[in-house]
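Chemist: Give me a model of this one.
(chains A, B and C)
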Amino acid sequence: MSLPLHLAALAAPRSATNQINDFLTGVKPDFVPDWALPLTTALISVGIAVAIISLVAMSGTWLERKVSGHIQCRYGPMRVGWHGWLQPIADGVKLLLKEDMIPLGADKPLYLLAPALVLASILGAMAVFPLAPDFYFADIDLGIFTILALTSTTTIGVVMAGWSSNSKWSLYGAMREAAQVVAYEIPLGISLLVPVMVAGSFNLLEVSNGQAGGFGVLNWYIWPWVNPFMGPAFLLFFIAILAETKRAPFDLPEAESELVAGFMTEYSGIRWSFFFMEEYAAMFLYCVVGSFFFFGGFESPLTSLARATDVHLLVQVAAAVTIIAKGYAGLFLMMWLRWTLPRVRIDQVMTLGYKYLTPLALACVLGASVWEVFLAPVLPWR
Amino acid sequence: MAELLFYLLSLGAIGFGIGVIRTHMPLYSVLSLLGTFFCLAGIYLLAGFPFLAATQLLVYAGAIMVLFLFVIMLLNLGDRDELNRQTGVALSGPRLAAAGICAGLLGLAGLIAAGWGGKVTPTEAVAAGGVDRLNDIAEVLFGRYMLPFEAASLLLLATMVGVMSLAKRQRGEETEAGDTGWPWHKGVEQ
Amino acid sequence: MNVPTEHLLALASILFALGVAGFLVRRNVIIVLASVELMLNAANLCFLAGSRAWAAEGAAGGHPIQGPVFALFVILVAAAEAAIGLALIIAIYRLKRTTALDATRDLEG
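Modeler: Sure thing, here's the model as predicted:
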């Protein structure tokens, strides 16, 4: 019944999974068989991940509508609850009750499988993402590598959706998605190498710990005194995640003014909302990754203050508040950009990705490694 | 439990593998291949190779398979009439020989598997954190295998140039009227 | 995972046999390429099985890390092969309007 050692190491002693397991072992009545424990633990962990994703998606849609509204000098949703904060729940109920339509001529199994696949890969990525220094599911050395690997498989679901819908708009959207995501995965991965090089680790927790000190601000990797190539690397990273999450100005796979709704044109009801949940969860996830690797992760003046009090729970809460605030700040920036920049053409997207971002990212890595090898050892503050 | 998972994943890999070669649509073939890759990634993880499992997902599932799907969509290979003509299986001399080779290989597999009593290799004996720890891989890749690593980068560069020159339309090449490079714009041919 | 190395090798050889069968019997280029990928993955599985057995033996006279590193190289070659293969498919399709291998016999004597 025991896990192999290297898998047990994934569920490190402090991990949320182990805490749940310990708790369940304590309260388990005798008539419950032993094999039910790991299963229950797994289900509860998945439940937590699903809850986080749903909350992010709900707050994301509400925020999107409010931000869009205020940028266009209107209020956005105002009717359901104070400033429309219950709007996402009303939307959810509406989507659940809507008819689930499958177009004639659609490839039915693939059509039904696609939204599930899209959501499953983002759920998998949630496993490596720590919400607080002592609240995570898996503390693996491959942290960011696993996140990139799992999120890269969402493309398959999108392409499947576009193909199986039997609609030319969907197909165009899916093709754009495939071309765009493959093109921007390269600068995304390479630009992340710069902070990885400075931190010397793929592990999100270790990267965050590497930025401790300096009142919780001064040691963030983004500052030029840490490594001057970090700023350009972050810029490349941010452009790449805009394209990866299909956000404006790179929202070509959806492109509502030319392709109806791109790859999800034919979807309706709850299946359609799966794509939206994936989009907002992916946006939030990438923003959190960005704050881990460039903006200090759990480190902020708030966390430093909490650490000074030496109360364990307070530190955890402060760290969680910090990372969530940073994630939502990134989310807000992405929404702001949506109403600021016009959509680019697909050939411009490809040109930007292959001809500019990739070489620039490589140049960043080269410059950063030269700095790390020759200058960082002699800098008094490193 | 891990053993059960391994045998389930193996069955899945073989099932999807059969799917790769016996379906009539290239798209289903590629999606089955993807299923095989997912099962294999699970097996790598169980066997103590988390890095390889993640690489399998990132490179195979995230990039190579997307490329396959992209080409299938670009050529619009969903047209069933044309496909039935293209993918039929013919039984000629070489193909019978192929079937013979396969049967032989399967027999060999059976023989290997017949070493049932073979020594059990528990992964517990394998170092914690997996066999392929990042530091070890980096040390070997940038030390002992530096030359193959550089050769690999040259191979990739050559591939890039080759793909460009193959896929790019020649300057003088005639484009038929109304041909935007997307075959389905011209209706069904043949 | 308490599984004999032989079982990993058996799985690898079955996958390889499936790949060979698909490669030789099918006529659609895309399926043929997919079969090649299947064979390459079977080879990878062998590398990892060997490396795992070696690590369990205590890695006498060598380093079990060679298996994963060679698997990495195989993945790299597979990526290059897929890219070239798909570019060729596009070029052939542009010329012949088909993806059947039998249609490309112009070089046959």
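Chemist: Now stretch A:345-360: buried residues?
Modeler: In terms of neighbour count (16 or more other C-beta atoms under 10 Å in any protein chain shown), stretch A:345-360 has its buried residues at A:346, A:349-350, A:352-353, A:357-358, A:360. Where C-beta positions appear, they are placed from N, C-alpha and C, glycine not excepted.
Chemist: Would you mind checking the average pLDDT for it?
Modeler: The average of the pLDDT scores along stretch A:345-360 is 87.
Chemist: Wondering if it reaches chain B at all.
Modeler: No. Using C-beta under 8 Å from any C-beta of the partner chain, stretch A:345-360 stays clear of chain B, coming no nearer than 10.0 Å.
Chemist: how would you label the residue of chain B found nearest chain A: helix, strand or coil?
Modeler: Distances between chain B and chain A by C-beta to the nearest C-beta are smallest at B:Gly62, namely 2.9 Å. Secondary structure, DSSP: H, G, I helix; E, B strand; the rest coil: B:Gly62 is helix.
Chemist: Look at it and report its pLDDT.
Modeler: Predicted confidence (pLDDT) for B:Gly62: 82.
Chemist: can you pull the contacts of the closest residue in space to it that isn't next to it in sequence?
Modeler: Nearest residue to B:Gly62, sequence neighbours excluded (C-beta to C-beta, 6 or more residues apart in numbering or on different chains): A:Ser152, at 2.9 Å. Contact analysis of A:Ser152 by C-beta atoms under 8 Å, 6 or more residues apart in numbering or on different chains lists A:181, A:185, B:57-58, B:61-63.
Chemist: Model confidence score at A:Ser152, please.
Modeler: Reported pLDDT for A:Ser152: 85.
Chemist: now the one 4 residues further on
Modeler: What the model reports as pLDDT for A:Ile156 is 88.
Chemist: With the one 4 residues further on instead?
Modeler: We note a pLDDT of 86 for A:Met160 in this prediction.
Chemist: cool, and A:Ala8?
Modeler: A:Ala8 is assigned a predicted lDDT (pLDDT) of 50.
Chemist: go on, B:Gly110?
Modeler: Note for B:Gly110: predicted pLDDT of 66.
Chemist: Could you check how far the residue nearest to B:Gly62 is from chain C?
Modeler: Here A:Ser152 is placed at a distance of 14 Å from chain C (C-beta to the nearest C-beta, to the nearest Å).
Chemist: Dihedrals phi and psi, that residue?
Modeler: Here is the backbone geometry of A:Ser152 (degrees, to the nearest 10): phi -70, psi -20.
Chemist: what does A:Cys73 give?
Modeler: According to degrees, to the nearest 10, A:Cys73 has phi 60, psi 40.
Chemist: can you check A:Phe202 too?
Modeler: phi -90, psi -10.
Chemist: right, and it touches A:Phe145 too?
Modeler: Yes. Proximity of A:Phe202 to A:Phe145 meets the contact threshold set by C-beta atoms under 8 Å, at 5.3 Å.
Chemist: Give me the residue at the spatial middle of chain C.
Modeler: With distances taken as C-alpha atoms, centre = their mean, C:Leu40 lies nearest the centre of chain C, 1.6 Å away.
Chemist: Just the element for that one, please.
Modeler: Element membership of C:Leu40, judged by DSSP states H and E, is helix C:29-57.
Chemist: now do B:Arg144
Modeler: Per DSSP H and E, there is no helix or strand for B:Arg144.
Chemist: now swap in A:Ser304 and tell me
Modeler: Per DSSP H and E, A:Ser304 falls inside helix A:301-309.
Chemist: pLDDT (mean, whole number) over that helix?
Modeler: For helix A:301-309, the mean pLDDT works out to 83.
Chemist: cool, stretch A:203-223 as well?
Modeler: Mean pLDDT, computed over stretch A:203-223, is 82.
Chemist: In this structure B:Ile43 contacts B:Gly12, no?
Modeler: No. B:Ile43 is beyond contact range of B:Gly12, at 9.4 Å (criterion: C-beta under 8 Å).
Chemist: hang on, the earlier thing: from the contacts of A:Ser152, which two are the most distant?
Modeler: The two members of the contacts of A:Ser152 with the most space between them (C-beta to C-beta) are A:Val181 and B:Leu57, at 14.1 Å.
Chemist: could you list every residue that touches B:Met73?
Modeler: Shown in contact with B:Met73 (C-beta under 8 Å, 6+ apart): A:159, A:162-163, A:171, A:174-175, A:178.
Chemist: Next: A:Asn166.
Modeler: Neighbouring residues of A:Asn166 by C-beta under 8 Å, 6+ apart: A:103, A:105-107, A:266.
Chemist: now do 6 Å
Modeler: A:105-106 (C-beta atoms under 6 Å, 6 or more residues apart in numbering or on different chains).
Chemist: Then it would be within a helix, right?
Modeler: No. Using three-state DSSP, the secondary structure at A:Asn166 is coil, not a helix.
Chemist: what sits against A:Met264?
Modeler: Per C-beta under 6 Å, 6+ apart, neighbours of A:Met264: A:272, A:275.
Chemist: quick one: secondary structure of the nearest residue to A:Arg343 once chain neighbours are set aside?
Modeler: Using C-beta to C-beta, 6+ apart and skipping residues adjacent in sequence, the residue nearest A:Arg343 is A:Pro249, 5.2 Å away. At A:Pro249 the chain is in coil, as set by three-state DSSP.
Chemist: I'd like the distance between A:Pro249 and chain B.
Modeler: Distance from A:Pro249 to chain B, counting by C-beta to the nearest C-beta: 22 Å.
Chemist: What ranges in the chain fall below the confidence cut-off?
Modeler: All of this refers to chain A. Chain A contains residues with pLDDT under 70 at A:1-15, A:139, A:382.
Chemist: not quite, I wanted chain C
Modeler: Within chain C, the segments meeting pLDDT under 70 span C:1, C:56-63, C:109.
Chemist: all helices in it, in order from the N-terminus.
Modeler: C:5-25, C:29-57, C:66-96 (DSSP state H).
Chemist: ok, how many other residues are close to the closest residue to C:Asn44 other than its chain neighbours?
Modeler: Using C-beta to C-beta, 6+ apart and skipping the chain neighbours, the partner closest in space to C:Asn44 is C:Ala71 (4.5 Å). Residues within reach of C:Ala71, counting by other C-beta atoms under 10 Å in any protein chain shown, total 26.
Chemist: Next up, the contacts around C:Ala71.
Modeler: Residues near C:Ala71 by C-beta under 6 Å, 6+ apart: B:52, C:44, C:47-48.
Chemist: can you check A:Ala248 too?
Modeler: Neighbouring residues of A:Ala248 by C-beta under 6 Å, 6+ apart: A:Arg338.
Chemist: do you know how far it is from chain B?
Modeler: For A:Ala248, the distance to chain B equals 22 Å [C-beta to the nearest C-beta].
Chemist: Check the gap between that residue and A:Ile48 for me.
Modeler: 31 Å (C-beta to C-beta, to the nearest Å).
Chemist: Same check on A:Gly262?
Modeler: Counting by C-beta to C-beta, the gap from A:Gly262 to A:Ile48 is 31 Å.
Chemist: okay, those two: which has more neighbours?
Modeler: Between A:Gly262 and A:Ile48, counted using other C-beta under 10 Å, A:Gly262 has the larger neighbour count: 26 against 17.
Chemist: Setting the sequence-adjacent residues aside, check what's closest to the more buried one.
Modeler: Leaving aside its chain neighbours, A:Gly262 sits nearest to A:Gly173 (2.9 Å; criterion: C-beta to C-beta, 6+ apart).
Chemist: Then C:Ala34?
Modeler: Nearest residue to C:Ala34 in three dimensions, chain neighbours excluded: B:Leu33, at 4.7 Å (C-beta to C-beta, 6+ apart).
Chemist: Over to C:Phe23?
Modeler: In this structure, C:Phe23 finds its nearest non-sequential neighbour in C:Ser35, 4.2 Å apart by C-beta to C-beta, 6+ apart.
Chemist: same question, A:Gly210
Modeler: Taking C-beta to C-beta, 6+ apart, and ignoring the residues beside it in sequence, A:Gly210 has A:Ala199 as its nearest neighbour in space, at 4.5 Å.
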